[in-house]
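In: model this:
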Amino acid sequence: MEQNFTVSTSNFSVPLFTAELIASFTLKFILNFAGGFANLFLLIVCCCSHTKKTFSSSGTKWLVFQYTAAYFLISMILYPARDAMIMGHTFHLIVPGMQHCSYFAAVNMFFVSLANWTDLALACNRLMAICFPIHYVKWTTRKVIAALLIAAWVVSFAIVLPVPPLYLGWPGNLSLPPPAQCSNLNGSASLFVTSMTNFVPYAVSGVIYAAIWFKIVFEARHRRVTIPMGHGLLDVKQMRAKMRQLTVSKMLMAVFVWNSLCMLPFFVVTLAFPELFVRKPTLSLWLRLIMSVQYLFSPVIFFVFSEEYRKTARRLFSRVPDNKIKEVEKTMEKSETDSHISLALSMLRRREDLQLMD
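Out: I've put the predicted structure just below:
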């Protein structure tokens, strides 16, 4: 017969089944550490990826780096530490630092907010690149990129710091409403933190990516290839730059869609069915399990869409000297450029033939 546990909190007592708790905690630890290593690998690839020497060409890279670093800290350190404290409290085990569980919850909330607001900064960067390309250069300067990175930190601090007496359980007493959580934040403070950490950045990013998507679809339907006489190579370079911008935008949109799908159950339950957290206290654990899956597969999407990241990953695992790999990549790039030039020349000849026929 399955043994039951009864966990008492400040407001209620609820029976918890051992098998469900052990299964959820075990899966979360496995997924969290796997996600931590996946995000760590993406961080290494970001640092080792070859970009142009200008800062503007690598501005998006540093936004992705900060976004991935926040996911790494959440997956590898904050989530496992907090889950260990919750597990110790649930099973009446002694876990070092468990009396500071609420503080870990606050730090975790800060880095979740940092990741989401950095994602919003990436969305703004893509909006300028796709919808306002003339002004995009201004958004890739050192000052603007640094301002976007710092702004995500400032906003995240501003979200957490106004409510320390409630959020941190001041003066430090551990209070777990359902046993699957690690803070005693509730009421208007809970609505404020949850909205500013998740709802607001996701909503704004969604609007921005929707605008980008409509712009891409509109251009695809109304694209007319026009190559002036004598400027074929210049237009080919511009075309390649445009294709790179579209690839990065599609990659970030795919990451956003994946994150939104993983966060959707949490949003629905929090906004429409908050009473479920009381009826089934372990529901929070399973919803956070979905978030662990989110952090695990988010780096995978970057590698699926980014050829540069895949090349860098292959370079890290390859035994071929780095200078040989660079020579091969330069040869392939030259071959690709030659093919584009050939295509441009054939299009020029085709246009001349059409003019003669007219």
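
In: So what touches stretch 197-213?
Out: Here stretch 197-213 makes contact (Cβ atoms under 8 Å, 6 or more residues apart in numbering) with 109, 112-113, 116-117, 119-120, 123-124, 126-127, 130-131, 156, 159, 249, 252-253, 256, 259-260, 263, 266-267. (Each C-beta comes from the backbone N, C-alpha and C, glycine too.)

In: List the buried residues of it.
Out: 197, 198, 199, 200, 201, 202, 204, 205, 208, 209, 212 (16 or more other Cβ atoms under 10 Å).

In: mind checking pLDDT for the fifth one?
Out: Looking at residue 201, its pLDDT reads 95.

In: Leaving out the residues flanking it, which one is nearest to it?
Out: For residue 201, ignoring the flanking residues on the chain, the nearest one in space by Cβ to Cβ, 6 or more residues apart in numbering is residue 116 at 4.1 Å.

In: just checking, that neighbour is part of a helix?
Out: Yes: Residue 116 forms part of a helix when assessed by DSSP: H, G, I helix; E, B strand; the rest coil.

In: so how far is residue 156 from it?
Out: Separation of residue 116 from residue 156 (Cβ to Cβ, to the nearest Å): 9 Å.

In: any weak-confidence spans in the stretch 51-200 of the chain?
Out: In the predicted model of the stretch 51-200 of the chain, residues 51-58, 95, 97-102, 162-189 satisfy pLDDT under 70.

In: all helices of it, in order?
Out: When assigned using DSSP state H, counting those that start in this stretch, the helices of the stretch 51-200 of the chain occupy the ranges 59-73, 79-90, 101-131, 142-160, 164-167, 187-194, 200-222.

In: Distance to residue 47 for those helices - can I get that in a markdown table?
Out: Converted to a markdown table, the helices of the stretch 51-200 of the chain look like this (distance: least, Cβ to Cβ, whole Å):
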| stretch | distance to residue 47 |
| --- | --- |
| helix 59-73 | 7 |
| helix 79-90 | 24 |
| helix 101-131 | 17 |
| helix 142-160 | 16 |
| helix 164-167 | 34 |
| helix 187-194 | 32 |
| helix 200-222 | 25 |
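
In: what's the closest of the ones you listed to residue 299?
Out: Closest approach to residue 299 among the helices of the stretch 51-200 of the chain (Cβ to Cβ): helix 59-73, 6.8 Å.

In: Check which helices and strands the closest one is in contact with.
Out: If contacts are counted by 3 or more Cβ pairs under 8 Å, 6 or more residues apart in numbering; DSSP states H and E, helix 59-73 sits against helix 18-48, helix 101-131, helix 142-160, helix 283-305.

In: Can you mark which positions in the first one are buried?
Out: Read it as helix 18-48. Neighbour-count burial for helix 18-48, with 16+ other Cβ under 10 Å as criterion, is recorded at 21, 24-25, 28-29, 31-36, 38-43, 45-46.

In: pLDDT of it, averaged?
Out: Per-residue pLDDT values over helix 18-48 give a mean of 89.

In: about what we covered before: and the contacts of stretch 197-213, which are buried?
Out: Among the contacts of stretch 197-213, those classed as buried by 16+ other Cβ under 10 Å are 109, 112-113, 116-117, 119-120, 123-124, 126-127, 130, 156, 159, 249, 252-253, 256, 259, 263, 266.

In: Contact partners for residue 68?
Out: Contact partners of residue 68, counting by Cβ under 8 Å, 6+ apart, are 39, 42, 43, 46, 299, 302.

In: how about 6 Å then?
Out: Going by Cβ atoms under 6 Å, 6 or more residues apart in numbering, residue 68 touches 39, 42, 43.

In: Format those as a markdown table; extra columns: distance to residue 309.
Out: A markdown table is the format used below for these (distance: Cβ to Cβ, whole Å):
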| residue | distance to residue 309 |
| --- | --- |
| 39 | 13 |
| 42 | 7 |
| 43 | 11 |
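
In: okay, stretch 112-125 in CSV with CA atoms only?
Out: Once non-C-alpha atoms are left out, stretch 112-125 reads as follows in CSV (Å, rounded to 0.1, in the frame of the first residue of the first chain):
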residue,chain,number,x,y,z
VAL,A,112,13.5,34.6,-14.7
SER,A,113,12.6,38.3,-15.1
LEU,A,114,16.1,39.0,-16.5
ALA,A,115,15.7,36.3,-19.2
ASN,A,116,12.2,37.5,-20.2
TRP,A,117,13.1,41.2,-20.4
THR,A,118,16.3,40.3,-22.3
ASP,A,119,14.1,38.4,-24.7
LEU,A,120,12.1,41.5,-25.1
ALA,A,121,15.3,43.5,-25.9
LEU,A,122,16.0,40.9,-28.6
ALA,A,123,12.6,41.3,-30.0
CYS,A,124,13.1,45.1,-30.2
ASN,A,125,16.4,44.5,-31.9
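
In: What's the local residue count around residue 261?
Out: By the criterion of other Cβ atoms under 10 Å, residue 261 has 11 neighbours.
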